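Q: A structural model of the following input is requested.
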Amino acid sequence: MHELPSDIPRNELPMLDLTPPSTGTHRPARRRRARLLGGAVATTLAVAGLAALLGGHLRPTGGTDDTVQLAAAAGPAASPSPSASPTTDPDAGLVKVTGRALLGQLLDALPPSVPTSGYAAETAYVDEGSKETVAQVYLSTPKGTGMLRAFVSSASPDKVCTAQTSCRVDGRGNKYTVSHMRDNCIQDTVIWMVHPDGTGIQLNLASCLAWDGTGNKKGVVPLTEEEAVRLAGDPGIRRVITPAARDAAQARFPEMPRLTG
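A: Modelled structure (predicted):
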């Protein structure tokens, strides 16, 4: 049985410090359209301008003052108006995922036949003292109850693989690594994955349950490595969501405990 000292509330690896991808916030320069004046109007404007420079009226051969009067009536050419440029920011109008929303994403990605419990969640820089957005779920399996925790962040897909970690690619094109910490029951198996859109997922599979005030009761690893990779790669787990999805998660989980060790 694995136990953690009571003065250490949680002993989990922090999210990897990866450089977030560009979100496309630089918008293309607006293009201006020149308005063209054709035919007689363009000609008469040029004639009127030259006449003004010379201090008198210019009358074309065989013509009348009508041409000059037409130019004066037309007035100065209107300034071209800038054309609207559509946004190129894929995150426009979205907000960062909350712990409650992340919990909902996990539950929606799990098979509906799997009984779940032990919910907990925190939102980075919103819940006091929390620097990470995380959700916790207990899964009931034929072998017993197991715990998993998911952390979400922004990360660059180009920096998943390093000289120290072997990189793999799942069927959805997500890059990921797998590691094991046999001396830490909270992180028996750790899946670190980055989606192509820059969503970073750290999935911790535990062999024990959360700290209950005196220790970590023994549990079972809730998913196989293949199942955990499939869960972490679910496109429904995202780092940004709509405000409506955030509000729906708040209504779905109005009361939510914080994580313990």
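
Q: wait, residue 120 touches residue 209, no?
A: No. The criterion here is C-beta atoms under 8 Å, and residue 120 misses it with residue 209 at 11.4 Å. Any C-beta I mention is one placed from the backbone N, CA and C, and that applies to glycine too.

Q: compare the two (neighbour count), which wins?
A: residue 209 (22 against 19; other C-beta atoms under 10 Å).

Q: measure that one to residue 218 for me?
A: 8 Å (C-beta to C-beta, to the nearest Å).

Q: likewise residue 198?
A: Counting by C-beta to C-beta - residue 198 and residue 218 are separated by 37 Å.

Q: these two: who's more crowded?
A: Using other C-beta under 10 Å as the criterion, residue 198 and residue 218 rank with residue 198 on top: 22 against 14.

Q: that one and residue 158 touch, don't they?
A: No. Using C-beta under 8 Å, residue 198 is not in contact with residue 158, being 10.3 Å away.

Q: packing partners for the longest strand anywhere in the chain?
A: Across the chain, the longest stretch assigned as strand under DSSP state E is strand 144-154. Here strand 144-154 touches helix 99-109, strand 116-122, strand 133-141, strand 199-205, strand 208-211, going by 3 or more C-beta pairs under 8 Å, 6 or more residues apart in numbering; DSSP states H and E.

Q: indicate each strand paired with it and its parallel or antiparallel sense.
A: Partner strands and pairing direction for strand 144-154 (DSSP bridges) are strand 133-141 (antiparallel), strand 199-205 (antiparallel).

Q: that strand to strand 116-122, inter-axis angle?
A: Strand 144-154 runs at 30 degrees relative to strand 116-122, counting by axes from the mean of the first three to the mean of the last three C-alpha atoms, to 10 degrees.

Q: wait, what's in contact with residue 182?
A: Contacts for residue 182 (C-beta atoms under 8 Å, 6 or more residues apart in numbering) come out as residue 188.

Q: what helix or strand is it located in?
A: Assigned by DSSP states H and E, residue 182 belongs to neither a helix nor a strand.

Q: and the gap between it and residue 197?
A: To residue 197, residue 182 is 33 Å away according to C-beta to C-beta.

Q: again, but for residue 138
A: 29 Å.

Q: compare those two (neighbour count), which wins?
A: A direct count of neighbours by other C-beta under 10 Å for residue 138 and residue 197 places residue 138 higher, at 19 against 16.
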